[in-house]
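1. Give me coordinates for this.
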Amino acid sequence: MQPNYSTLTESGEAYLEKILGTNSIPNCAGTVEGFGAISKLKDRLQKRYEGAYPGLAGIISYVIDQEEVNARNLSPLFPHLVLPGLVEIHMDRVGLELQWEQTPLGSAPFRFIEQSPPPVFA
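-> Residues are numbered from 1 along each chain as shown. The predicted model follows:
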């Protein structure tokens, strides 16, 4: 079997672009659908925290907007995946954590936990 000479002579960047051009991941974060999904997620987070803290709508909105920027910087393709965790961590830091409801089967829902590394010298 003879190697494909044209593949061997083209640059690595051109070959990589040819591969990625056909199998690229669609970036919906910057599209209308992506902004709509983020907007719906922000609305759900706002309602959830306002349900727990009704008088703090302005602070909750500010935290969610600030963490949206952080989520877009942290994960440009999938900010909706990290936004809830970032909001939860920020709210915990300011003392506005949500109380989790006990589910009928007794299993606790998933929560993000901020961990600090162990001290080097105890």
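2. could you say what helices and strands the top helix by length along the chain packs with?
-> For the chain, the helix with the greatest residue count under DSSP state H is helix 32-52. Applying 3 or more CB pairs under 8 Å, 6 or more residues apart in numbering; DSSP states H and E, one finds that helix 32-52 contacts helix 57-74, helix 79-93. In this view, the C-beta of every residue, glycine as well, is placed from N, C-alpha and C.
3. looking at those helices, which is closest to G36?
-> Checking the helices and strands packed on helix 32-52 against G36 by CB to CB gives helix 79-93 as the closest, at 10.6 Å.
4. Now that closest one: average pLDDT?
-> For helix 79-93, mean pLDDT rounds to 91.
5. Show me the contact partners of it.
-> Residues external to helix 79-93 that are found in contact with it (CB atoms under 8 Å, 6 or more residues apart in numbering): 29, 37-38, 41-42, 45, 49, 60, 63-64, 66-68, 70-72, 74-75, 97-98, 111-112, 114.
6. Show me which of those are buried.
-> 29, 38, 41-42, 45, 49, 60, 63-64, 67-68, 71-72 (16 or more other CB atoms under 10 Å).
7. Is it possible to get TSV of the residues you listed that adds pLDDT?
-> Formatted as TSV, the buried ones among the contacts of helix 79-93 follow (pLDDT from 0 to 100):
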residue	pLDDT
A29	51
I38	90
L41	93
K42	94
L45	93
Y49	92
I60	93
V63	94
I64	94
E67	93
E68	94
A71	93
R72	92
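8. quick revisit: need the helices and strands packed on helix 32-52 in CSV with distance to P118, can you?
-> Converted to CSV, the helices and strands packed on helix 32-52 look like this (distance: least, CB to CB, whole Å):
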stretch, distance to P118
helix 57-74, 25
helix 79-93, 20
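9. right, and those helices - which one's nearest V120?
-> Closest among the helices and strands packed on helix 32-52, using CB to CB: helix 79-93, at 24.1 Å.
10. What residues sit buried inside the closest one?
-> Of the residues in helix 79-93, those buried (16+ other CB under 10 Å) are 79-80, 82-88, 91.
11. Give me the distance between K42 and F121.
-> 43 Å (CB to CB, to the nearest Å).
12. Let's verify G55: helix, strand, or coil?
-> coil (DSSP: H, G, I helix; E, B strand; the rest coil).
13. Great, nothing more from me.
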